[in-house]
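Asker: Here is my input; please provide its structure:
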Amino acid sequence: MSIEPTFNASLATVEHDPEPPKDQAAFLREMIRRLDPDGTDASAETPEALANLAAQRLISTTFLEPLVREAREASTPTGRFAPGATETRFGHMLDQRFADSIAASPDFGPVASMERHLLTQIRRSLAAQDAGAIPS
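Answerer: Numbering: from 1, shown residues only. You can find the predicted model right below:
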């Protein structure tokens, strides 16, 4: 059974297959590895930690960082206080740090919501593996 979304032209909606991905935890570990700046974060040993870290990285990268960047670029002063070459070149790194700090805040709503969703998916995937429905 495919996990790809299908498009139903008659309803003009996207329908998702209810079957969980074959290995949700492996997918999230790969996502964390790709979004980790230095690629060495090994703090995702438990399903809870994996879901938390994946949610933080996902929210930080996809939602917060573009907002922080837009705010920085929209408020750029001109004249004597205009950003120099270094600030222009490395401003995106500061945006990433701000976004990561916001996402790592305790009880940040979007991260907590995404974490609950990811943890549910991981647990379904692990339960299906334990039941023998999905080969390891």
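Asker: Could you use CA atoms for every contact and neighbour count after this?
Answerer: Noted.
Asker: could you say what helices and strands the longest helix along the chain packs with?
Answerer: In the chain, assigned by DSSP state H, the helix with the most residues is helix 109-130. Judged by 3 or more Cα pairs under 8 Å, 6 or more residues apart in numbering; DSSP states H and E, the packing partners of helix 109-130 are helix 24-35, helix 47-59.
Asker: Let's have these in TSV, adding mean neighbour count and distance to residue 130.
Answerer: Converted to TSV, the helices and strands packed on helix 109-130 look like this (neighbours: other Cα atoms under 10 Å; distance: least, Cα to Cα, whole Å):
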stretch	mean neighbour count	distance to residue 130
helix 24-35	17	14
helix 47-59	22	15
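Asker: can you tell which of those helices is closest to residue 93?
Answerer: Each of the helices and strands packed on helix 109-130 has some distance to residue 93 by Cα to Cα; the shortest is helix 24-35, at 13.4 Å.
Asker: quick one, phi/psi of residue 46?
Answerer: With angles defined as degrees, to the nearest 10, residue 46 sits at phi -110, psi 160.
Asker: Could you check the pLDDT of it?
Answerer: Per-residue pLDDT puts residue 46 at 82.
Asker: Please report how far it lies from residue 122.
Answerer: Distance, residue 46 to residue 122, using Cα to Cα, to the nearest Å: 10 Å.
Asker: Mind checking which of the two has more residues around it?
Answerer: More neighbours surround residue 122 than the other of residue 46 and residue 122, with 24 against 10 (other Cα atoms under 10 Å).
Asker: Would you format the helices and strands packed on helix 109-130 as TSV with distance to residue 100 included?
Answerer: Below are those laid out as TSV (distance: least, Cα to Cα, whole Å):
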stretch	distance to residue 100
helix 24-35	11
helix 47-59	7
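Asker: Contacts only, for residue 112.
Answerer: Residue 112 is in contact with 52, 55, counting by Cα atoms under 8 Å, 6 or more residues apart in numbering.
Asker: Kindly report the same for residue 119.
Answerer: So residue 119 contacts 47, 48, 51 (Cα under 8 Å, 6+ apart).
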